[in-house]
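Asks: from the sequence below, what's the structure:
(one chain, ligands or ions: 2)
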Amino acid sequence: MYNIQTLNAISSKGLNRFPADHYAVSDNAAAADAMLLRSFKLHDYPFTDNLLAVGRAGSGTNNVPVQALSERGVVVFNAPGANANAVKELVIAGMLMGCRNIGPAMDFVRGLQGTDAEMSVAVEAGKKHFGGFELPGRTLGVIGLGAIGVKIANAARHLGMNVIGYDPTITIERAWQLDSDVEAAPNLDTLLAQSDFITFHVPLIESTRHLINADSLKNLKDGVVLLNFARNGILDDSAVLAGLESGKVYAYVCDFPSNALRTNPRVMTLPHLGASTREAEENCAIMVVDQVRDYLENGNICNSVNLPNVKLRRTGLARIALVNQNNPDMLGKISHILGQAGVNIAHMMNDSKGNMAYTLMDVDSVVNENTRVALAAIPGVLKVRLL
Ligand SMILES: NC(=O)c1ccc[n+]([C@@H]2O[C@H](COP(=O)([O-])OP(=O)(O)OC[C@H]3O[C@@H](n4cnc5c(N)ncnc54)[C@H](O)[C@@H]3O)[C@@H](O)[C@H]2O)c1
Ligand SMILES: O=C(O)CC[C@@H](O)C(=O)O
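Replies: Numbering: from 1, shown residues only. Ligands and ions are numbered 1, 2, ... in the order given. This next block holds a predicted model:
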């Protein structure tokens, strides 16, 4: 029986894929084999030694202590692309909210009083304060051309916008998906200087913190619309507020409210709604549950942020799964112990990601607990499972 702990509401479309006869799923599972979460802040959470996997039903993993979990040999999964369409749609809505002043205009109407006839007069007199501008011919700058950024870039092209993108580590897969008319910015400053709208789709890491700050703000076009549906901290909110004050920034649309932003008439903040559609929640839950199950039951790894993809069709009599540090001679030491135990390796895969490595092997005889313990005692081996 595997214990699965849910730390946020995870769609039942995903959770129902854990067969009830082999999985106990609850929000208070003691000694969980795997944890599933969305935005729950897992830093400082007490982990037990039998934790094998953490599944982030979403894209960003800045709420997960990936390094600390790696040191314990715990595999961290996410659901890349599973909520990308939901975010894309909200960013398109956000661009329109920004350039058509939809937030302030709705606030104006909410504040009207009097009869319908009086309201009609006030509407016609007041609407001049909320006139906006259109998308075609304007330039959208997309920072981060991953699952979400590529979808937004392509959608904006279909809306008649010029699109310029910046992503120094774009993958070949994403580059293939990008509309050929999307221009590649040679550097961030060029994108910032040319864009009428700028949208951010990068993870929050040290190198992406405060990409918009008091200095980079000076480089922006006058009247730019900024959109942050990535993470709080990627833009320095105090710089953005100064830009709104001076008129440099026309509007700021973002998914991460704060007291300073919430009441500013030129800011439209949403309650972290980017991924909150039924479809995205189901996609994320299904993807992450399938990945966690395949890891628990078969040792296969797909879409982990700290370990490589490793998938092996079962062939031998038994299977050994090892998470280890990516050190020299680990395979030598592992095969030496198996050789001493008279265990023949029928099939194996080994790969690494950064300072972590993973070995999955099918062997021709049953492996006993003593051999597992000997493997686990190799310095640098973090987890050993017999499957
Ligand atoms: N608002 C929401 O609900 C919501 C939903 C999903 C994702 N997100 C956030 O959006 C982020 C992006 O999501 P995704 O699914 O597109 O992720 P992704 O991993 O597919 O794409 C991220 C891209 O950013 C690029 N990148 C990294 N550092 C960069 C830098 N300094 N400059 C430019 N590009 C850089 C990477 O090369 C990658 O292509 C997530 O990390 C998450 O924080 C928010
Ligand atoms: O789960 C959510 O609601 C938000 C997810 C989002 O921030 C992500 O990074 O995928």
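
Asks: and the strands in the stretch 101-250 of the chain?
Replies: For the stretch 101-250 of the chain, strands defined by DSSP state E, counting those that start in this stretch occupy the ranges 139-143, 162-166, 183-184, 197-200, 224-228, 249-254.

Asks: in the chain, which residue sits closest to ligand 1?
Replies: The nearest approach of the chain to ligand 1 comes at Gly146, 1.7 Å away (CB to the nearest ligand atom). C-betas here are computed from N, CA, C, even on glycine.

Asks: can you pull the contacts of the residue nearest in space to the middle of the chain?
Replies: The centre of the chain sits closest to Ser59, judged by CA atoms, centre = their mean, with a distance of 1.8 Å. Ser59 is in contact with Asn78, Ala79, Pro80, Gly81, Ala82, Asn83, Ala84, Ala147, Ile148, Ala275, counting by CB atoms under 8 Å, 6 or more residues apart in numbering.

Asks: one more: Leu36?
Replies: Residues near Leu36 by CB under 8 Å, 6+ apart: 4-8, 10, 15, 54-55, 57, 285, 288-289, 292.

Asks: filter those to the buried ones?
Replies: Buried by 16 or more other CB atoms under 10 Å: 4-7, 10, 15, 54-55, 57, 285, 288-289, 292, out of the contacts of Leu36.

Asks: how about the residues of the stretch 1-150 of the chain near ligand 2?
Replies: The stretch 1-150 of the chain has residues Arg38, Ser39, Gly58, Ser59, Gly60, Asn83 near ligand 2, with proximity defined as CB under 6 Å from any ligand atom.

Asks: can you tell me the SS state at the closest residue to the first one other than its chain neighbours?
Replies: Among residues not flanking Arg38 along the chain, Asn8 sits closest, at 4.0 Å (CB to CB, 6 or more residues apart in numbering). On the three-state scheme (DSSP: H, G, I helix; E, B strand; the rest coil), Asn8 is labelled coil.

Asks: Leu42 is in contact with Asn8, correct?
Replies: No: judged on CB atoms under 8 Å, Asn8 makes no contact with Leu42 at a distance of 10.5 Å.

Asks: beta partners of Thr6?
Replies: Applying DSSP bridges to Thr6 yields these beta-bridge partners: Leu36.

Asks: so it makes contact with Tyr23?
Replies: No: Thr6 lies out of contact with Tyr23 (CB under 8 Å); the separation is 11.5 Å.

Asks: right, and ligand 2 sits closest to which residue of this protein?
Replies: Gly58 (2.6 Å).

Asks: which residues touch that residue?
Replies: Counting by CB under 8 Å, 6+ apart, Gly58 makes contact with Arg38, Ser39, Asn78, Ala79, Ala82, Asn83, Ala275, Cys284.

Asks: could I get those in TSV, plus columns for neighbour count?
Replies: Output for the contacts of Gly58, formatted as TSV (neighbours: other CB atoms under 10 Å):
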residue	neighbour count
Arg38	24
Ser39	15
Asn78	23
Ala79	27
Ala82	24
Asn83	25
Ala275	27
Cys284	29
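
Asks: strands - which of these land there?
Replies: Among the contacts of Gly58, DSSP state E puts none in strands.

Asks: mean pLDDT and distance to ligand 1 for the strands of the stretch 101-250 of the chain - can I get that in a markdown table?
Replies: Shown next, in a markdown table, are the strands of the stretch 101-250 of the chain (pLDDT from 0 to 100; distance: least, CB to the nearest ligand atom, whole Å):
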| stretch | mean pLDDT | distance to ligand 1 |
| --- | --- | --- |
| strand 139-143 | 98 | 5 |
| strand 162-166 | 98 | 5 |
| strand 183-184 | 98 | 11 |
| strand 197-200 | 98 | 8 |
| strand 224-228 | 98 | 9 |
| strand 249-254 | 98 | 9 |
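
Asks: need these in CSV with distance to Arg72 and mean neighbour count, can you?
Replies: Converted to CSV, those look like this (distance: least, CB to CB, whole Å; neighbours: other CB atoms under 10 Å):
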stretch, distance to Arg72, mean neighbour count
strand 139-143, 33, 25
strand 162-166, 36, 22
strand 183-184, 40, 15
strand 197-200, 32, 26
strand 224-228, 33, 25
strand 249-254, 35, 25
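
Asks: ok, which of those comes nearest Leu270?
Replies: Leu270 lies closest to strand 249-254 among the strands of the stretch 101-250 of the chain, at 7.4 Å (CB to CB).

Asks: give me the sheet partners of the closest one and which way each runs.
Replies: The strands beside strand 249-254 in its sheet (DSSP bridges) come out as strand 224-228 (parallel), strand 267-269 (parallel).

Asks: and the last one, how far from the chain's centre?
Replies: So the one you mean is strand 267-269. A distance of 22 Å separates the centroid of the chain from that of strand 267-269, by CA atoms, centre = their mean, to the nearest Å.

Asks: what's the answer for stretch 202-213, then?
Replies: Distance of stretch 202-213 from its chain centroid, counting by CA atoms, centre = their mean, is 14 Å.
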